[in-house]
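> Below are the sequence and a predicted model; questions follow.
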Amino acid sequence: MNKEFVMRGQTASGKTEILNFSGHKPGYAYRLVEFKMFPSTNINGDHYDMVGSITAGKTAVAPTDPDFNNEGLIATGFIENDHAKHYPHSESYVINDMFLITQNLILMVQDTHNTATNWQCKFVAEKMSKAEEAVNNYKQYTISDE
């Protein structure tokens, strides 16, 4: 089994995308190890501000207002760029790379220009025992059932 794989796409501002793990291989879970965003606007002559979130919950976490007390929040990030020299390019991502993923995730992005956001996620497969699999499936199920 391939240890690493990438999911990527482009999502309209304010919309969600399902990261599908429903056909995952039994005995394996996945860890999110990288989350990146990139604008779909003309980056040569425009400023941009975008935020994103990835959650294991039943509904998306608003990327404009993430709550780190939400145990289903797996990743959040922002990226901004302004032409003013006193506001240089800036980006930051927080990823819970210890969360073992066994079910679908929800990605949500928002851009100040209401344009689409390009995104990429890298995952690593982790082998689990039957007991670990049962515990992780139950944990993610209870998070998504709230």
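Sure, I can see it. Numbers count the residues shown, from 1 in each chain.

> The residue nearest the centre of the chain in helix, strand or coil?
The residue lying closest to the centre of the chain (CA atoms, centre = their mean) is I54, at 3.2 Å. Classification of I54 using DSSP: H, G, I helix; E, B strand; the rest coil returns strand.

> what's near enough to touch the nearest residue to it once chain neighbours are set aside?
Leaving aside its chain neighbours, I54 sits nearest to A75 (4.2 Å; criterion: CB to CB, 6 or more residues apart in numbering). All C-beta spots, glycine's among them, are computed from the backbone N, C-alpha and C. When contacts are counted by CB atoms under 8 Å, 6 or more residues apart in numbering, A75 touches L32, F35, G52, S53, I54, Y93, V94, I95, N96, C121.

> Now for A75, which secondary structure element holds it?
strand 73-81 (DSSP states H and E).

> Over to A131?
helix 130-144.

> F99 too?
Short version: F99 belongs to no helix or strand, going by DSSP H and E.

> in this structure, which spans are strands?
Counting by DSSP state E, one finds strands in the chain at the ranges 4-11, 16-19, 28-39, 48-55, 73-81, 90-95, 105-111, 117-127.

> mind checking which of those is nearest Y138?
Among the strands of the chain, the nearest to Y138 by CB to CB is strand 28-39 (12.4 Å).
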